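Colleague: Kindly generate the corresponding structure for this input.
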Amino acid sequence: MMRALWSAASGMRAQQTNVDSISNNLANVNTVGYKTEKPEFKTLLYQTLQTRTTTANGAQKPISAQVGLGTRVASITSQFIQGPLYDVDSMSALGIEGNGLFAVSGLNGDVYYTRNGDFVWSEGPQGLTLCTAEGYEVLDSNGNQIVLPEGVPAERVVFSSRGAVAYTDAEGNYVEMNQSVGLWQFNNDAGLEKISGTYYVETAASGAPLNEATTQGLRLSSVRQGYLEGSNVQVADEMVNLIIAQRAYELNSKAITTSDTMLEQANNLKR
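Modeller: Have a look, this model is predicted:
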């Protein structure tokens, strides 16, 4: 009965984390570039009640008797499924169709990766620089900043479907900048480490970033100027998951109550 108490308590803790994750998904239903997070669970150690051999003469049973000791959260995995694209008024906004991620120069020179293409042109030491809302510089396919030539207004910048940057001059001529917005892929997107906002950093589990401009065999992504990728959270699915998590929490609570009642009845046997 004591095993039941602790096993049920571990289930309640796990389901609380599950509800926390679902709540975070629902809270970010309108966050640009957000990816749904799904908790994964694993069983705890098993305790052997009877071995395969239980008789004095060593006769073998086909199976042993083991009982589990509960559950715990194994991981919370981001689901990198394509989110919907919707058009916005900003021509510096970029949406991705495919598996690519943008790269930005983060704090202390670290490179962050994101699906949030809500970029702006910011005045920097070298001129108008493509940045995120937090001020991180967007990197091109060579890992360099994207800076407009002096005198080129931001509203004349054009991005191709492959991320190539160009602009139209005063005479209406199309001038290429010989730069492309960097798009990167990973062998294991779920292995990326989540940091603040919708930014990720590479880890040993994710593998090294693969540059779409130079890596052969990748399915190339497309860039859509004037569009943003919305959150891929499915509200209906999350509400169903919330109901399931709530019921599982209630069942574990009921198991604790039942175990407590059984212990109470055992204690009352002496009376």
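Colleague: How much space separates the closest residue to Leu210 other than its chain neighbours from Tyr46?
Modeller: For Leu210, ignoring the flanking residues on the chain, the nearest one in space by CB to CB, 6 or more residues apart in numbering is Gln185 at 4.6 Å. The way it works is simple: take the backbone N, C-alpha and C, and place the C-beta from them, glycine included. Counting by CB to CB, to the nearest Å, the separation of Gln185 from Tyr46 is 40 Å.
Colleague: So between these two, which is more surrounded?
Modeller: For the pair Gln185 and Tyr46, the greater number of neighbours falls to Gln185 (20 against 11), based on other CB atoms under 10 Å.
Colleague: on that earlier part again, who's in contact with the residue nearest to Leu210?
Modeller: Going by CB atoms under 8 Å, 6 or more residues apart in numbering, Gln185 touches Asn99, Gly100, Leu101, Pro209, Leu210, Glu212, Thr215, Leu218, Ser221.
Colleague: Let me have those in a markdown table, adding distance to Glu137, secondary structure and pLDDT as columns.
Modeller: Below are the contacts of Gln185 laid out as a markdown table (distance: CB to CB, whole Å; DSSP: H, G, I helix; E, B strand; the rest coil; pLDDT from 0 to 100):
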| residue | distance to Glu137 | secondary structure | pLDDT |
| --- | --- | --- | --- |
| Asn99 | 23 | coil | 93 |
| Gly100 | 18 | coil | 94 |
| Leu101 | 16 | strand | 95 |
| Pro209 | 17 | coil | 94 |
| Leu210 | 21 | strand | 95 |
| Glu212 | 19 | coil | 93 |
| Thr215 | 23 | coil | 91 |
| Leu218 | 24 | coil | 91 |
| Ser221 | 20 | coil | 93 |
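Colleague: Now, of those, which are buried?
Modeller: With neighbours counted by 16 or more other CB atoms under 10 Å, these contain buried members at Asn99, Gly100, Leu101, Pro209, Leu210, Glu212, Leu218, Ser221.
Colleague: in the stretch 151-271 of the chain, which spans are strands?
Modeller: Counting by DSSP state E, counting those that start in this stretch, residue ranges of the strands within the stretch 151-271 of the chain are 157-159, 164-168, 174-180, 183-185, 193-194, 199-201, 210-211, 222-225, 227-229.
Colleague: from the middle of its chain, how far away would stretch 146-165 be?
Modeller: For stretch 146-165, the separation from the chain centroid amounts to 30 Å (computed by CA atoms, centre = their mean, to the nearest Å).
Colleague: Near Asp110, how many other residues are there?
Modeller: When neighbours are defined as other CB under 10 Å, Asp110 has 13 of them.
Colleague: again with the one 5 residues further on
Modeller: With neighbours defined by other CB under 10 Å, the count for Arg115 comes to 24.
Colleague: what do you get for the one 5 residues further on?
Modeller: Neighbours of Val120 under the rule other CB under 10 Å: 16.
Colleague: correct me, but it touches Ser92?
Modeller: Yes: the pair Val120 / Ser92 is scored as a contact, 5.6 Å apart, by CB atoms under 8 Å.
Colleague: Report the separation between the residue nearest to Leu210 and Val67.
Modeller: Gln185 is 44 Å from Val67, where distance means CB to CB.
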